[in-house]
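S.K.: A structural model of the following input is requested.
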Amino acid sequence: MSRLLSVVAILWMAACTQLPEKPVPPKPPGQERAQYIQTTFAALPDWERTRLEPSLRAFLSGCARAPAVLLGPCGTATTIAIGDEAGARRFFETTFTPYALVSTESGDTGTITGYYEPVLRGSRVRDAVNRFPIYGVPDDLVAVDLASVVPETRNLRLRGRVDGRRVVPYYTRAEIESRGETFKAPILGWTSDPIELFFLQIQCSGQLELENGDRIRLAFADQNGHPYRSLGRYLVDRGEMTLDQASMQGIKSWAAANPAKLQDALNVNASYVFFRESFDSRGVVGALGVPLVPQYSLAVDRRFIPLGAPVFLATTFPLSSEPLIRLAAAHDTGGAIRGVVRADFFWGTGADAGTLAGRMRQSGKMWLLWPRGEAPPKAD
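M.R.: Take a look at the predicted model:
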């Protein structure tokens, strides 16, 4: 069993997420527990001044895939007219009970980061400028399902390849890059900037803007099975930058100034993401299977917060003490989003959203809104 678990450790990979300050290892099941402390809406910070009609629309957008316990509130929400702020407030206050989220590890305060949908410029075909491929899923990538043998792998993403009669870890980032044209995978498009492509993989979705202005929407398809390692932490540890410079913008500036060092630095992160072309006109689709709503969708740890549920968030804007208060909806998950009081705030699409997302690593508190009369959820 110990040998099998060692293989699992090699193949384990957290799902898509933004750049964290340091690698986030998987937590053993049961290590962290959630406490749901019932409270009142009056106790929520700035509740009376928070606009709730946009929150109602975000909640409604997830109702098509919501769990059964939320179907009643979803039905009620459809009766409220668009733009009816008073109706939205009445809906939340009469339909839900707020519960403060408290972790047995970190208490009532956790880390709030941001993510976004990047837009890269590129081409369908390789040319003198666009030389870096955006790969689809290679044919030799296989999924490994050991849940029936090792139940603790149930929520892990295990990937590898077949070598003779053995399943071995899939190629690392460095190995994929070194194979060049011999690496056999579909190519969805080409782009000019390896660091932008790297951050596309971290965000796990984005758009490729072609020369004629058309855009290809790229959605997460799979991953090579290797654990993510933070480029920012690596550069800080090597003295290339200070910790306060290790934002997405700071890393891009370092990359522009150090092109000869870039590929070796990127290879430190063995994880590699593969994409598929999405023809879904609705936008970025999260783990719930519904489009994300800019500034009103969160990625959460679904062990503690059911997808589709409203979540009241109290944090601050990136690099600021200015309060950022939102009633958002749990529409997504992420590999580094592990913990009771932990969320990734979706800022939207493009450069402005990326600026905010890349600088966001704030402290915050969270409250789960749960249907009245229903017991709060139990962690998996």
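S.K.: the helices in the chain, which residues?
M.R.: Counting by DSSP state H, residue ranges of the helices within the chain are 2-11, 53-61, 71-77, 85-95, 173-179, 194-203, 231-237, 248-257, 259-267, 351-359.
S.K.: Okay, buried residues for the fourth one please.
M.R.: Going by neighbour count (16 or more other Cβ atoms under 10 Å), the buried part of helix 85-95 is 87-89, 91-93, 95. Heads up, the C-betas are built off the backbone N, CA and C, glycines and all.
S.K.: so it versus helix 53-61, what angle?
M.R.: Relative orientation of helix 85-95 with respect to helix 53-61: 60 degrees, computed using axes from the mean of the first three to the mean of the last three Cα atoms, to 10 degrees.
S.K.: Helix 85-95 - contacts with which helices or strands?
M.R.: Counting contacts by 3 or more Cβ pairs under 8 Å, 6 or more residues apart in numbering; DSSP states H and E, helix 85-95 packs against helix 53-61, helix 71-77.
S.K.: In a markdown table, list those along with distance to residue 140 and mean pLDDT.
M.R.: Converted to a markdown table, these look like this (distance: least, Cβ to Cβ, whole Å; pLDDT from 0 to 100):
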| stretch | distance to residue 140 | mean pLDDT |
| --- | --- | --- |
| helix 53-61 | 37 | 98 |
| helix 71-77 | 42 | 97 |
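S.K.: So which of those helices has the densest surroundings on average?
M.R.: Most buried of those by mean neighbour count (mean count of other Cβ atoms under 10 Å) is helix 53-61; its value is a mean of 21.
S.K.: Find out how far that helix is from the centre of the chain, if you would.
M.R.: Put simply, helix 53-61 sits 20 Å off its chain's centre (Cα atoms, centre = their mean, to the nearest Å).
S.K.: Next: stretch 357-376.
M.R.: What separates the centre of stretch 357-376 from the centre of its chain is 15 Å, taken as Cα atoms, centre = their mean.
S.K.: Can you give me the end-to-end span of it?
M.R.: Length of stretch 357-376, first residue to last, Cα to Cα, to the nearest Å: 31 Å.
S.K.: does residue 186 really touch residue 141, like I thought?
M.R.: No. Proximity of residue 186 to residue 141 does not meet the contact threshold set by Cβ atoms under 8 Å, at 11.6 Å.
S.K.: Next one: residue 369 relative to residue 131, how far apart?
M.R.: If you measure residue 369 against residue 131 using Cβ to Cβ, to the nearest Å, the figure is 49 Å.
S.K.: same thing with residue 239?
M.R.: Here the criterion is Cβ to Cβ. By it, residue 239 lies 30 Å from residue 131.
S.K.: One more: residue 314?
M.R.: Relative to residue 131, residue 314 is positioned 45 Å away (criterion: Cβ to Cβ).
S.K.: ok, now residue 345?
M.R.: 34 Å.
S.K.: okay, residue 369 and residue 131: which has more neighbours?
M.R.: More neighbours sit around residue 369 than around the other of residue 369 and residue 131, counting by other Cβ atoms under 10 Å; the figures are 23 against 13.
S.K.: need the contact list for that one.
M.R.: With contacts defined as Cβ atoms under 8 Å, 6 or more residues apart in numbering, the neighbours of residue 369 are 92, 96-99, 309-312, 327.
S.K.: Check residue 363 too.
M.R.: For residue 363, the contacting residues are 109-112, 315-316, by Cβ under 8 Å, 6+ apart.
S.K.: Those: which two are farthest apart?
M.R.: 110 and 316 (13.3 Å; Cβ to Cβ).
S.K.: Kindly point out which residues are neighbours of both of the two.
M.R.: With contacts taken as Cβ under 8 Å, 6+ apart, residue 110 and residue 316 have 363-364 as neighbours in common.
S.K.: of those two, who's got more company?
M.R.: residue 110 (22 against 16).
S.K.: Could you find the closest non-adjacent residue to that one?
M.R.: When the adjacent residues along the chain are set aside, residue 110 lies closest to residue 341, with 2.9 Å between them (Cβ to Cβ, 6 or more residues apart in numbering).
S.K.: Apart from its chain neighbours, what residue comes closest to residue 97?
M.R.: residue 372 (5.2 Å).
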